[in-house]
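Participant: with the sequence up front, the predicted model follows.
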Amino acid sequence: MDKNNNPVLLEIQDVHKEFDNKEILKGINLSLHAGEVLVVLGPSGCGKSTLLRCLNGLEKIQGGDIKFKDKSLTDKNVKLQEIHEKIGMVFQNYELFPHMTVIENILLGPLKVQKRDKKEALAQAEQLLERVGLLDRKDSYPRQLSGGQKQRIAIVRALCMNPEIMLFDEVTASLDPEMVREVLDVILGLAKQGMTMVIVTHEMGFAEAVADQIIFMDEGKICEESRPNEFFTNPKTERAKHFLNIFQY
């Protein structure tokens, strides 16, 4: 199915981002359709994580616009909380509260931010925990979990807010190799269920398997945009070819 026929959920128009007078994003243009999985590749420091943080409202942009369902997220009347509810994000380092149990971490947003019914939110949380194979750990504390388990909990916590888009920022970067697969399998499962996602990763095999579209970034710009089979078999730019050679792909 060609997901380009689906409605556009997120549109990035000529986005510029600066830190300390240094331009990090240099005019990014992208469209993300409902149900599409976009994978962002590129060398460290090229602006991938900064792009995700701008999409999620964690970083303000200095130029251009970001629209969610044709509504500008840069509008001063748009509250950050509204963005976070629609566009969920999972980070490298889990960001679980150590003094809270797994289920308390997951329910914090739905109950305190969204003011949802506890019984309904708990039922959803337990269903999601069961889906990722961690229902039996709902009363555990983060210190009692492996890195892979913590990352799966972080994904469940984001999903329990019922976002329309999920952003994943190098979610396996800090994991031991044997824990990477269990986290990637959860994300692959979300893709099969039609979740709209933007994923930053250095896992090339995973990128090829999960992506509908690949963008390759370098020095704050999109150098290449293509289907995964085209990118991995016939990259158009020398910079992308060099990048793939590093991974022996």
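Facilitator: Now that the structure is in, tell me what you want to look at.

Participant: now the residue nearest the centre of the chain: how far from residue 178?
Facilitator: In the chain, the centroid-proximal residue (Cα atoms, centre = their mean) is residue 167; its distance is 1.6 Å. Distance of residue 167 to residue 178, computed by Cβ to Cβ, to the nearest Å: 25 Å. C-beta: built from backbone N, CA, C; applies to glycine.

Participant: got the phi/psi numbers for residue 146?
Facilitator: Note on residue 146: its backbone torsions stand at phi -80, psi 170 [degrees, to the nearest 10].

Participant: quick check: buried residues in the worst-scoring helix or strand of the chain on mean pLDDT?
Facilitator: Least confident helix or strand, the chain: helix 80-86 with a mean of 86, by mean pLDDT, DSSP states H and E. By neighbour count on 16 or more other Cβ atoms under 10 Å, the buried set for helix 80-86 is 83-86.

Participant: how about stretch 47-55?
Facilitator: Result for stretch 47-55 [16+ other Cβ under 10 Å]: buried residues 47-55.

Participant: what do you get for stretch 198-214?
Facilitator: 198-204, 206-208, 210-214.

Participant: got the contact list for that stretch?
Facilitator: 3, 10, 32, 36-41, 48-49, 52, 55, 165-173, 180, 184, 187-188, 191, 224-229, 231-232, 244, 247, 249 (Cβ atoms under 8 Å, 6 or more residues apart in numbering).

Participant: strands - which of the residues you listed land there?
Facilitator: In this view, these that belong to strands under DSSP state E are 10, 32, 37-41, 165-169, 224-226.

Participant: ok but residue 26 is inside a strand, no?
Facilitator: Yes. Using DSSP: H, G, I helix; E, B strand; the rest coil, the assignment for residue 26 is a strand.

Participant: contacting residues around it?
Facilitator: 16, 219-221.

Participant: quick check on the residues you listed: which are buried?
Facilitator: Using 16+ other Cβ under 10 Å, the buried members of these are 16, 220.

Participant: farthest pair in the contacts of residue 26?
Facilitator: Largest separation among the contacts of residue 26 by Cβ to Cβ: 16 and 219, giving 13.4 Å.

Participant: gap between stretch 151-160 and the chain center?
Facilitator: 12 Å (Cα atoms, centre = their mean, to the nearest Å).

Participant: and that stretch, what's its mean pLDDT?
Facilitator: In this model, stretch 151-160 has a mean pLDDT of 96.

Participant: send over it as CSV, restricted to the C-alpha atoms.
Facilitator: Taking C-alpha atoms only, stretch 151-160 is exported to CSV below (Å, rounded to 0.1, in the frame of the first residue of the first chain):
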residue,chain,number,x,y,z
GLN,A,151,13.3,1.0,27.2
ARG,A,152,10.2,-1.1,26.5
ILE,A,153,8.6,0.6,29.5
ALA,A,154,9.5,4.0,28.2
ILE,A,155,7.8,3.1,24.9
VAL,A,156,4.7,1.9,26.8
ARG,A,157,4.6,5.1,28.8
ALA,A,158,4.6,7.2,25.6
LEU,A,159,2.0,5.0,23.9
CYS,A,160,-0.3,5.3,26.9
